[in-house]
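no sequence for this one, just the structure:
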């Protein structure tokens, strides 16, 4: 502690921790005689700063040094008196802020020559961002790529700025959106970030915090036309900024806070202070702090770090600033400043002062508790949310203008071209308009393109009145000999020779309901993390949010390049991390577009041979005009899946069913036409701003295409029909069209056969097709699982601030992959048919397989979740039992209201004892949200939980509420009992319920029956308040998140545990065998993963952890630019050998 200053001037004791870089120096002093003089420290700054809370706290502590006296210069003296009349001092702490006369302070320093804590002349430079960047560059400090645009205020037009749609060119340097525009004056906080059109365009406007806002989203996409600016590359961080505060070159305190660019809402705690978390700097970052402090000659100096792609970049230097609300910092700061003043001035003033002995640092060693398991990794593969129906039109084009366009964008390299950018779509639209004008003027001209098709092309491209890259795309494919005549769409082609196949795709956008689904699922997902309970700014799931802000959460979100998938990912991230506002800023900062050579995108146009054969066989079986025979059941459903068999029973005769479907579509289109003639409903606005006109186009096209010229049916249109009727039943039910239910029932039965069977009919085909889609993703999952336990050099949470968290040095890795139906089907096929476990030998796996084969549809928001736990009791890290894997699955969103009447297959609730005696009911997958309360547990014999239960241990960890153990009978009173994940933990595998099924839980999980009361009251209330449904239901079990804020948004099935006692070794060997069994795919995988590594440097959105490599699973492949010993010389002895060892570790990781 600090000694009190008394007449006796007792000795000052120091037993405090070392400051980073150099140990704390205590001040040892003896009693002084009256003749010895004091050192006067002057504070010369505006009153607002010199009387601020941090300054007051630090000065109070500085006064406790025996020989130091303080004098604060009054503001009126600073502003009005000449410097000759200012108080005298030996040491001056003076710094610029708004209204401060820096010139006078410089003059005073010349006159009196005091010791300057912060150099005054350098403060002129700090006010100009151009100078700040110049100095940083000269010091060799990493900063974002930038260019300066200087404008003459008198004629702002004359400047080197060329603005494109998605880029600017400044002095010949090109910056693609997203980029940042900063005023050159550092006092001007109006920094703008511009987003690319593919993410929705517009800009985020940052400003000095006002109340709870620090930025606002604006639709404006063009840059400012007056003033001088710095343009710089946008650094893809994870949505947090790091603020660093130095006190001299050897001390730095760092805090993380939410980036103002993310959603502009300032997170505040219960006292209204902005929430920040102390962060530990890496060795390299400490070196940067030292360099900044020395280069700008500012002892007390604040600057901002962006952690992106495994590197740290400085983006702003603020000069003199103190940390707010940190007692530890106040102590450290006063001590460092006091020692610095004494060291410099005591010898000159003959004050007896000896350099204090260095107190040693005591390392804090975290211990883990009992039979708990620690959550280490969560991997989820999630299908996108509810979307508008996908639509496409094909036409053959031969006009020279189309060939010119094809050549212009490099189509001849691969023979294929995708046009998504607004500028490109505008060019296609211009061609269509031009040809239509020509067709209108001369009917006999040489234009071969069909007028009706050109008109449709024009109509679709003109929809919405603007292009946003997310809505539409045009694909062009080169056909050497023209198009083979196949479907009803083509009449006889007029001539041979090369042509282009133009495919226009539109629709398939995420609907508002889809956004809500994704956001709610993101919110519910928090329950899987330690501390899923608790209150964080009014939200459940604070454990994850705290984990995230403190960099203990290594999160990456990947999405395929389709707009609906990217928007789903952004909405999910918004719910997961409790963000607010527009999705565009979240998408740009949080979601990696995994245009990753097949990681999440499938080139659907290039089907494998196996798929072509499967489709042909499927078409052949479905074209038979007779009832399905036993042989057909064998051919079509060799796996005997109940969902398939049930659908075949509904259909009976495929052609007759198609006839009925066709007749129902005709009836539907005629009903819509009648509505259009009725003036009352002609202008009716349908869901998501569709019109009756557009709805009619949608259905008429299906009517035309479904029945081909030869009278046969095009089976490939069945998914589209089902898609459209499902959409209209859910979103346009208010139209009350007749027979839509029947159309839904029949098209669903057909789709339940056609969709899953397109991914293979028998096991071998399913596996073959699945591998073609999924091997790159499987490899990536394998890497994610392996890297988790290897990678301990991750940036750690400051141990002093992580009390109550098990093993503060550890982190949880989360990898979320958002993709489309094809990847989810394929991945599930691999788990089901790849030989992970033997059904005969493993009862749990058999039940899981029965359940999966009863699921008819992998609907929107289907999830496959893999969780990795570590049992810290197993001392041997190589022990097979140390790492433990669980597999969970949810079929996503519930279908239309008549779901209750449609048989769905087996239902099981993990770990509930009634499963033992109850024969699974062939006809019903229980609607898990409607469990009668008294049904929850009819326990005859208590479930065998060994009494050394992990629950009790939690009292020590302090990071969550204590879960109370209750007797099994007690839990039958309320709702289905379940438990939340607590403190990174779940039970060890040896504590298994008797049924052998998972004890998984929480709002995300299907109800499980462990005798434990629910400890997430706020989640329960949250669900209740969000559950306003039209038909009365029994009291809601908190085990099921049925978020139905509006009737438009169906709820999502809870996660089911497929297996909960796999070892990591088992899973790893399984992934190896699956990935290696297909050699062609192997090559594709290597390409995909190397593409992934290469693209890390451009697109990695999230790697705060490592100092020098990009985050964990995607190790950077760059060798160190200079030998290690050279790196370490720069530390000039401030970092011990131990830390240098850390940086070698980082290099080896990289």
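Arrived safely. Treat the numbers as computed from the prediction; the structure is a model and nothing was measured. Residues are numbered from 1 along each chain as shown.

what number of residues lie near residue 1053?
Per other C-beta atoms under 10 Å, the neighbour tally for residue 1053 reads 24. Heads up, the C-betas are built off the backbone N, CA and C, glycines and all.

now it. Nearest residue, chain neighbours left out?
Closest residue in space to residue 1053, ignoring its immediate chain neighbours: residue 890 at 4.8 Å, by C-beta to C-beta, 6 or more residues apart in numbering.

likewise residue 769?
For residue 769, ignoring the flanking residues on the chain, the nearest one in space by C-beta to C-beta, 6+ apart is residue 760 at 4.6 Å.

tell me the contacts of the one you found?
By C-beta atoms under 8 Å, 6 or more residues apart in numbering, the residues touching residue 760 are 610, 614, 766, 767, 768, 769, 770, 829.

who wins for most neighbours among the residues you listed?
residue 770 (27 neighbours).

for the helix or strand that one falls within, give the mean pLDDT please.
In the assignment (DSSP states H and E), residue 770 maps to helix 763-790. The average pLDDT within helix 763-790 is 87.

do you know how far the residue lying closest to residue 751 once chain neighbours are set aside is from residue 513?
Using C-beta to C-beta, 6+ apart and skipping residues adjacent in sequence, the residue nearest residue 751 is residue 722, 3.7 Å away. Distance of residue 722 to residue 513, computed by C-beta to C-beta, to the nearest Å: 18 Å.

one more: residue 70?
63 Å.

comparing those two, which residue is more hemmed in?
residue 513 (21 against 15).

average pLDDT for the helix or strand hosting the more buried one?
Taking DSSP H and E as the definition, one finds residue 513 inside helix 512-525. Here helix 512-525 scores 93 as its mean pLDDT.

stretch 312-324 now?
The average pLDDT within stretch 312-324 is 93.

let's have the chain start at 20 instead
Sure thing, new numbering starts at 20, so read that last one as stretch 331-343.

which element is the nearest residue to residue 647 once chain neighbours are set aside on?
Of all residues not flanking residue 647 in the chain, residue 667 sits nearest, at 5.3 Å (C-beta to C-beta, 6+ apart). Element membership for residue 667 (DSSP H and E) is helix 661-670.

list the buried residues for that helix?
Across helix 661-670, burial judged by 16 or more other C-beta atoms under 10 Å covers 661, 662, 663, 664, 665, 666, 667, 669, 670.

so where is the stretch 1020-1169 of the chain shaky, pLDDT-wise?
Applying pLDDT under 70 to the stretch 1020-1169 of the chain flags residues 1020-1067, 1097-1169.

at 50 instead, please
Applying pLDDT under 50 to the stretch 1020-1169 of the chain flags the ranges 1020-1022, 1025-1066, 1114-1169.

how close does residue 781 sit to residue 420?
Separation of residue 781 from residue 420 (C-beta to C-beta) stands at 48 Å.

what does residue 91 give?
From residue 91 across to residue 420, the span is 76 Å (C-beta to C-beta).

so those two - more neighbours on which side?
Taking other C-beta under 10 Å, residue 91 and residue 420 do not tie; residue 91 has more neighbours (19 against 15).
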